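In: sequence? don't have it. structure:
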């Protein structure tokens, strides 16, 4: 399990101009989603210097390959605490490197949901990010059995405080959100 306090909104920084707002958020974590290997080091350092731990969508880092060596590079060179990925193998690489591995499960249609659940059953992630968050409440029962062993996170398309409260009340421990107006939520 990744140690995230209940009712945490993790800033998901898609636009670098919003990084400053993320750095004053109440979250212990900042998720860097729009980075490339060339700017990751200074951005991660900025987050760490501001007292935050860094999470990255390792499948979305430009110029980066999420293999065993790449994952170790994220930890050792850039100080990344955890990775979000759709790959059970990358989750395993991250855990072996001493990082948190968070598995992303998409609810685009019944087939993607079935595939995501199958990957989940074949891995032991530290966290599960259910996407989009706008649908995560509807499928809580599928993820609830994992809540004792992993941290349940909803993410994507969460734009109002009411949606945040609904997901927290449903049982999700944390949310990832790209709306700066939600980053001070506790």
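Out: Arrived safely. Since the structure is predicted, the reported quantities are computational estimates derived from the model, not experimental observations.
In: burial count for the residue nearest to residue 62 when sequence neighbours are not counted?
Out: Leaving out its chain neighbours, the residue that sits closest to residue 62 by Cβ to Cβ, 6 or more residues apart in numbering is residue 36, at 3.2 Å. Every C-beta, even on glycine, is put in place using the N, C-alpha and C of the backbone. By other Cβ atoms under 10 Å, 12 other residues sit near residue 36.
In: so residue 36 makes contact with residue 57?
Out: No. Residue 36 lies out of contact with residue 57 (Cβ atoms under 8 Å); the separation is 11.9 Å.
In: strands of this structure, start to end?
Out: 8-13, 29-32, 53-57, 80-85, 100-106, 127-131, 151-155, 174-177 (DSSP state E).
In: residues contacting the closest residue in space to residue 113 that isn't next to it in sequence?
Out: Excluding its sequence neighbours, the residue lying closest to residue 113 (Cβ to Cβ, 6+ apart) is residue 107, at 5.1 Å. If you count contacts by Cβ atoms under 8 Å, 6 or more residues apart in numbering, residue 107 has them with 113, 116, 130, 131, 132, 135, 136, 139.
In: so which of these are in helices?
Out: Among these, DSSP state H puts 113, 116, 135, 136 in helices.
In: of those - the most surrounded one?
Out: Busiest of the ones in helices among the contacts of residue 107 [other Cβ under 10 Å] is residue 136, holding 29 neighbours.
In: any idea of the pLDDT on the nearest residue to that residue once chain neighbours are set aside?
Out: The shortest distance from residue 136 to any non-neighbouring residue, by Cβ to Cβ, 6+ apart, is to residue 154 (3.8 Å). The confidence metric pLDDT takes the value 98 at residue 154.
In: show me what contacts residue 154?
Out: 129, 130, 131, 133, 136, 137, 167, 172, 174, 175, 176.
In: equivalent analysis for residue 2, please.
Out: Residue 2 is in contact with 82, 100, 102, 126, 127, 151, counting by Cβ under 8 Å, 6+ apart.
In: how many neighbouring residues does the fourth one have?
Out: For residue 126, the tally of surrounding residues (other Cβ under 10 Å) stands at 21.
In: go on, the second one?
Out: Burial measure for residue 100: 23 neighbouring residues, criterion other Cβ under 10 Å.
In: can I get the contacts of residue 2 in TSV with distance to residue 43 and pLDDT?
Out: Formatted as TSV, the contacts of residue 2 follow (distance: Cβ to Cβ, whole Å; pLDDT from 0 to 100):
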residue	distance to residue 43	pLDDT
82	15	98
100	18	98
102	19	98
126	22	98
127	21	98
151	24	97
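In: and which of those is nearest residue 49?
Out: Using Cβ to Cβ, residue 82 comes nearest to residue 49 of the contacts of residue 2, at 18.3 Å.
In: that closest one against residue 97, yeah?
Out: No. Using Cβ under 8 Å as the test, residue 82 is too far from residue 97 to be in contact (10.3 Å).
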